[in-house]
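In: next one to model:
(one chain, ligands or ions: 1)
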Amino acid sequence: MDREARRDELAASLDEVRRRIERACTAAGRDPGSVTLVAVTKTYPASDVELLAGLGVTDVGENKDQEAAAKAAAVAAPLRWHFVGQLQRNKAKSVVTYADVVESVDSTRLAGALATAAARLRERPLDVLVQVSIDGDPARGGAVADGSDPDRDLWRVAAAVEEAEGLRLGGVMAVAPRGWEPARAFEDLAGLAARLRADHPGATDISAGMSGDLEQAVRHGATHVRIGTSLLGMRNTLR
Ligand SMILES: *Cc1c(COP(=O)(O)O)cnc(C)c1O
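Out: Numbers count the residues shown, from 1 in each chain. This next block holds a predicted model:
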């Protein structure tokens, strides 16, 4: 497909996604300006990121360090880069050089690695969201609120981020667990986010909602929705 045709295609899907966000905000009595669209561009080329930036997208999300680093280097447009994937500690040094936000911090050890790397390699603090496991399943990543694992305890991870010089605690991120009613998952997340805000008033971000469930996320207070498929199309690889 040539660039112009792809641009038209992305413009149409972006329009539709923006309309969905607006309708969800109206239904929830919220200001549409209170929800930031993060375009999840994983598996799609840097040229698509450039086109989206040209269409007014301000925030993009990636989930693999190598791919994200290459894309961030290739894209000239000023964008906020969100890292949303599972992150190994040995990748912290790389991620802090291009990411503006890491949404997937789920252990005190990862927070420590990012803090060290951010203090050394960045001028400005790195925004961090604590990824929450809503069902407590340790296999799928995310901090837990039930005290069962000290390294992955939501409140300890948040405190570690808050105390780190190079990091700024922005709030929470979650993916609705498989087999759960998304509305119920996002309602639980909103409860945890409110508890977190009581201790950390600056932690106002709630990143929740993807292509299939953004409406439920907005209903339950999402400030960021992470949209891939509905914007860019179905991904070929399973990831
Ligand atoms: C891929 C991904 C998304 C986007 O999912 P879609 O269903 O394609 O909109 C959102 N969040 C995370 C963490 C992802 O990995």
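
In: what segments of this structure are strands?
Out: 36-40, 59-62, 80-83, 101-105, 126-131, 167-173, 205-207, 224-227 (DSSP state E).

In: now, of those strands, which is deepest in the fold?
Out: Greatest average neighbour count among the strands of the chain goes to strand 126-131 (a mean of 28), per mean count of other Cβ atoms under 10 Å. (C-beta placed from N, C-alpha, C; glycine too.)

In: run me through the strand neighbours of that strand, direction for each.
Out: Here strand 126-131 has these sheet partners by DSSP bridges: strand 101-105 (parallel), strand 167-173 (parallel).

In: quick revisit: out of the strands of the chain, which is closest to residue 149?
Out: Taking Cβ to Cβ, strand 126-131 is the member of these nearest to residue 149, at 13.6 Å.

In: just the CA trace of the closest one, in PDB.
Out: Taking C-alpha atoms only, strand 126-131 is exported to PDB below (Å, rounded to 0.1, in the frame of the first residue of the first chain):
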ATOM      1  CA  LEU A 126      11.100   9.000  34.000                       C
ATOM      2  CA  ASP A 127       7.300   8.700  34.500                       C
ATOM      3  CA  VAL A 128       6.300   5.300  35.900                       C
ATOM      4  CA  LEU A 129       3.000   3.500  36.200                       C
ATOM      5  CA  VAL A 130       2.800   0.500  38.400                       C
ATOM      6  CA  GLN A 131       1.300  -2.400  36.500                       C
END
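
In: circling back: need the strands of the chain in JSON lines with mean pLDDT and distance to the ligand, can you?
Out: Converted to JSON lines, these look like this (pLDDT from 0 to 100; distance: least, Cβ to the nearest ligand atom, whole Å):
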{"stretch": "strand 36-40", "mean pLDDT": "98", "distance to the ligand": "4"}
{"stretch": "strand 59-62", "mean pLDDT": "98", "distance to the ligand": "6"}
{"stretch": "strand 80-83", "mean pLDDT": "98", "distance to the ligand": "9"}
{"stretch": "strand 101-105", "mean pLDDT": "98", "distance to the ligand": "7"}
{"stretch": "strand 126-131", "mean pLDDT": "98", "distance to the ligand": "8"}
{"stretch": "strand 167-173", "mean pLDDT": "98", "distance to the ligand": "8"}
{"stretch": "strand 205-207", "mean pLDDT": "98", "distance to the ligand": "8"}
{"stretch": "strand 224-227", "mean pLDDT": "98", "distance to the ligand": "4"}
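
In: can you put those strands in JSON lines and add distance to residue 192?
Out: Putting these into JSON lines (distance: least, Cβ to Cβ, whole Å) gives the following:
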{"stretch": "strand 36-40", "distance to residue 192": "20"}
{"stretch": "strand 59-62", "distance to residue 192": "21"}
{"stretch": "strand 80-83", "distance to residue 192": "20"}
{"stretch": "strand 101-105", "distance to residue 192": "15"}
{"stretch": "strand 126-131", "distance to residue 192": "9"}
{"stretch": "strand 167-173", "distance to residue 192": "6"}
{"stretch": "strand 205-207", "distance to residue 192": "9"}
{"stretch": "strand 224-227", "distance to residue 192": "16"}
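
In: alright, I will stop here.
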